[in-house]
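Novice: Structure, please.
(4 chains)
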2 protein chains.
Amino acid sequence: MATSEKRHEILRAALELIAEHGFHDAPIAAIAERASVGAGTIYRYFENKDVLINELFQELHDRICTGLLKGYAPDKSFRERFVHLSTALLRYFIDNPLDFRYLEQYHNSPYGAAFRRDRLLGSEGDGDLYRSLLEEGVTQQIVKDLPLVVLFALAFGPLLAVARDHILGFVELDEFLIVQTVQACWDGIKR
Amino acid sequence: MATSEKRHEILRAALELIAEHGFHDAPIAAIAERASVGAGTIYRYFENKDVLINELFQELHDRICTGLLKGYAPDKSFRERFVHLSTALLRYFIDNPLDFRYLEQYHNSPYGAAFRRDRLLGSEGDGDLYRSLLEEGVTQQIVKDLPLVVLFALAFGPLLAVARDHILGFVELDEFLIVQTVQACWDGIKR
DNA sequence: ATTTTCGGAGTGAACATTCACTCCGAAAAA
DNA sequence: TTTTTCGGAGTGAATGTTCACTCCGAAAAT
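Specialist: Residues are numbered from 1 along each chain as shown, chains lettered A, B, ... in the order given. A predicted model of the protein is given here:
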């Protein structure tokens, strides 16, 4: 097995176990077993469990960022760009429930707090893309004149809540509901 | 010290430690110490740690429910009732950050999953009050015709996100911002 | 004096991490 | 070409620590 394969297997196993059972119920031994790897091997690739967890987060974060940019047209109208990003994010979570569950765990933990503090906003999964988009919306007076953090809450809060409910099986989010939800988020932030 | 005092002290200590450090970093020994009680004593009041955690949740839940009903006028307009409940909830979280942090931890854990499944909706902190309110809004065509779960997400998602950001110090939510936020949630759900 | 309640040292299970070892492909020596 | 040596990735049993929970003598209540 190629060296990079192993690293990848370890990350995959960690993602699955942590997403399903939480950080506390994903012991190294279990991750090793699911990755078909010796427990010690993990420490050849990651200094310790914390580093593993943080690198996995980075990997997912990057993957989402590039995913969101696919098909993003910076010259379209403000509203179209907002809808595009929100829809893409919601779709990503629906298509990758493990990723979503992992990110949620991560955010509600000491790990996530540090990350949040770094980016001084950073709601789930995107970079400064959303930030600058919303700033533009405010200065162009398309969007309510509220602090960025509040706008983030209005735009992301429902998306995350709805994604969680879908993944837990409380709603079946079809294409129609996705569009409606994003539309409602728009209604929340628009002037 | 009266018997019920001890029980109360234990719950208070658990609330503080868990809200600040999370479930995993709130060992029984630490809870006992902060409550000025022997470790064994805790087991005289609670069968085990899980029971303690669940009873604490119930207590907070009930406290919030009764708090929300204070000043609630069932005969006012739909919008007024919605605004009243949302504002009261947001204020409660701002005034009781420990409660909020505890509830957040609880919801993002195996404990919370069980609770959610029970009530088949149960976003944070209220009973069926919100549920029936929103149902009424839908039938009266005041509110968008979307599944209850989605409406919950639209109404609660931003509130919780904003409360978290306030408690973490990313915004200072004053009276004005509270009103604006609730108003924006209303914009999100209204037809 | 008898019953009830406390407390905290003690216990075993679970965990992250380490380390002495194995294995194997590739380089060096023959 | 064949044999020997070498390096370093891979392993999992062993280690030390942390934790939830127990248990029994002491203290308080009755």
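
Novice: helix or strand right after the lowest-mean-pLDDT helix or strand in chain A?
Specialist: In chain A, no helix or strand scores lower on mean pLDDT, DSSP states H and E than helix A:110-119, which sits at a mean of 68. From helix A:110-119 onward toward the C-terminus, using DSSP states H and E, the following helix or strand is helix A:129-139.

Novice: Distance of the one residue in chain A that gets nearest to DNA strand D relative to residue A:5?
Specialist: Here the residue of chain A nearest DNA strand D is residue A:40; by Cβ to the nearest atom of the strand that distance is 1.8 Å. In short, each C-beta sits where N, CA and C put it, glycine included. Look at residue A:40 and residue A:5: by Cβ to Cβ, to the nearest Å, they are 17 Å apart.

Novice: from the chain's centre, how far out does the helix or strand hosting the residue of chain A closest to DNA strand D sit?
Specialist: According to DSSP H and E, residue A:40 maps onto helix A:39-45. Taking the mean of its C-alpha atoms, helix A:39-45 sits 27 Å from the chain's own mean (Cα atoms, centre = their mean, to the nearest Å).

Novice: what does stretch A:95-103 give?
Specialist: 7 Å.

Novice: Tell me which residues are up against it.
Specialist: Here stretch A:95-103 makes contact (Cβ atoms under 8 Å, 6 or more residues apart in numbering or on different chains) with A:15-16, A:18-20, A:56-57, A:60-61, A:63-64, A:92-93, A:124-125, A:163-164, A:167.

Novice: So which of those are in helices?
Specialist: Those of those mapping onto helices are A:15-16, A:18-20, A:56-57, A:60-61, A:63-64, A:92-93, A:163-164, A:167, per DSSP state H.

Novice: Of these, which count as buried by neighbour count?
Specialist: Listed as buried from those are A:15-16, A:18-19, A:56-57, A:60-61, A:64, A:92-93, A:163-164, A:167; burial here means 16 or more other Cβ atoms under 10 Å in any protein chain shown.

Novice: show me which of these neighbour chain B.
Specialist: Applying Cβ under 8 Å from any Cβ of the partner chain, the subset of these adjacent to chain B is empty.

Novice: Which of the ones in helices among the contacts of stretch A:95-103 sits closest to residue B:34?
Specialist: The closest of the ones in helices among the contacts of stretch A:95-103 to residue B:34 turns out to be residue A:18 (Cβ to Cβ; 29.6 Å).

Novice: For chain B, see how far away the closest one is.
Specialist: 13 Å (Cβ to the nearest Cβ, to the nearest Å).

Novice: Kindly tell me how buried residue A:105 is, as a neighbour count.
Specialist: 22 (other Cβ atoms under 10 Å in any protein chain shown).

Novice: Nice, that's everything, thank you.
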